[in-house]
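**Q** Provided below for reference: sequence and predicted model.
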Amino acid sequence: MNINWFPGHMHKARKEIGKIIPKIDIIIEILDARAPETTANPLINSFATQTSRLKVLNKADLADTSVTNKWLDYFNAQTNVVSMVASNNNLNATKNLLKILPKQVDKRNFTVRPLTALIAGVPNVGKSTIINALCGKTIAKTGNEPAVTKTQQRIKVTDNILLIDTPGFLWPKLETSTIACKLAALGSIKNTAFDAIDIAYFLMEYFLLYYPQEIKRRYNLELIANVEETIDRIAINCGCIKRKSVIDYDKIAIKVINDFRSGKLGLISLESPET
């Protein structure tokens, strides 16, 4: 399946980031803890090969905890990189960022020249929510959909820390269908840019391989069959039926996707460092 969603403001953001990188002390990259590698924009690497990086695995309350711990170890073993978790359930923990940031850059008098951090991430990873938690008030617009932030803005978090907020942006060409499907499942691509049935089948194939018990529990299934039969059984159990007992595949596909996004399926990660 070919998904390519690259709005004009994303192209503008990419150019602006390239210009501002030389003035940045550290990059805060917000990732979705359920798929940290997929939500790590490769363009960031091309912009800043020597700049210190803080990777925040956000929405950790929705991810498989054991897998998230592996990701933390994986990122912390990299040069110039430190990682941490964050979640909407514990926004106070997000404020640890303010203690971590000064330790990751060359020491200087930040009262003379504030620490400048670029905060970036693909759409819908929760970047604006984290910014608001750091500031203790609503600064950045939030929304459970991609492309809410459309322009770059400078935010004074404290007297010593300045944030450069950028629009969430993808890269012009998504390398594989797997990457595209994961980003669509996570809500980083607008729902109108992909076929929900394709994404639901992609997810179900993964769930049956790695999280079959969660599928049984959520949809009241005694046995797990192949993907097609499982989707059909779930549709029947959930009442996603049209007239004449025809399965409403669009309706059940949207339900599966939303159940995953909201955490109703349980703690699920879509990738691990091993895979």
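**A** Okay, I see it.
**Q** Just give me the residue right at the centre of this protein.
**A** Nearest to the geometric centre of the chain sits D32, at 2.9 Å (CA atoms, centre = their mean).
**Q** And what about A117, helix, strand or coil?
**A** The three-state label given to A117 by DSSP: H, G, I helix; E, B strand; the rest coil is strand.
**Q** Tally up the residues packed near it, please.
**A** Neighbour count for A117, taken as other CB atoms under 10 Å: 24. Backbone N, C-alpha and C define where each C-beta goes, glycine included.
**Q** pLDDT score assigned to it?
**A** The score at A117 is 91. That number is its pLDDT.
**Q** check contacts around it.
**A** With contact taken as CB atoms under 8 Å, 6 or more residues apart in numbering, A117 is in contact with 24-28, 54, 101, 161-164.
**Q** Next: L163.
**A** With CB under 8 Å, 6+ apart, L163 has these contacts: 28, 117-119, 131, 134, 154-157.
**Q** And I28, by the same measure?
**A** Going by CB under 8 Å, 6+ apart, I28 touches 54, 56, 97, 101, 117-120, 163.
**Q** Kindly report the same for C240.
**A** C240 touches 234, 247-249, 251-252, 255, counting by CB under 8 Å, 6+ apart.
**Q** Swap in 6 Å and give it another go.
**A** Taking CB atoms under 6 Å, 6 or more residues apart in numbering, we find C240 in contact with 248, 251-252.
**Q** Which pair in the contacts of A117 has the greatest spatial separation?
**A** Within the contacts of A117, two members stand farthest from each other by CB to CB: L54 and L162, at 14.9 Å.
**Q** Show the subsequent helix or strand relative to the helix or strand of the chain with the lowest mean pLDDT.
**A** Lowest by mean pLDDT, DSSP states H and E among the helices and strands of the chain is helix 8-20, with a mean of 64. Using DSSP states H and E, the helix or strand that follows helix 8-20 in sequence is strand 26-32.
**Q** average pLDDT across that next one?
**A** Per-residue pLDDT over strand 26-32 has a mean of 93.
**Q** coming back round to it: doesn't P123 make contact with the residue nearest to the centre of the chain?
**A** No - applying CB atoms under 6 Å, one finds D32 not in contact with P123, separated by 10.4 Å.
**Q** how far is stretch 86-96 from where the chain is centred?
**A** 15 Å (CA atoms, centre = their mean, to the nearest Å).
**Q** ok, now stretch 257-271?
**A** Offset of stretch 257-271 from its chain centre (CA atoms, centre = their mean): 12 Å.
**Q** Quick one: end-to-end length of that stretch, please.
**A** End-to-end distance of stretch 257-271 (CA to CA, to the nearest Å): 17 Å.
**Q** just checking, K244 is part of a helix?
**A** Yes - judged by three-state DSSP, K244 forms part of a helix.
**Q** what's near enough to touch it?
**A** By CB under 6 Å, 6+ apart, the contact list for K244 is empty.
**Q** Give me the pLDDT value at it.
**A** 84.
**Q** Identify the residues contacting stretch 50-69?
**A** When contacts are defined by CB under 6 Å, 6+ apart, stretch 50-69 is touched by residues 26-34, 36, 75, 80-87, 89, 104-105, 125-126, 263, 267-269, 272.
**Q** Now list the buried members of those residues.
**A** The neighbour count (16 or more other CB atoms under 10 Å) marks 26-34, 36, 75, 81-87, 104-105, 125-126, 267-269, 272 as buried among those.
**Q** Just the buried ones from the contacts of C240?
**A** With neighbours counted by 16+ other CB under 10 Å, the contacts of C240 contain buried members at 248, 251-252.
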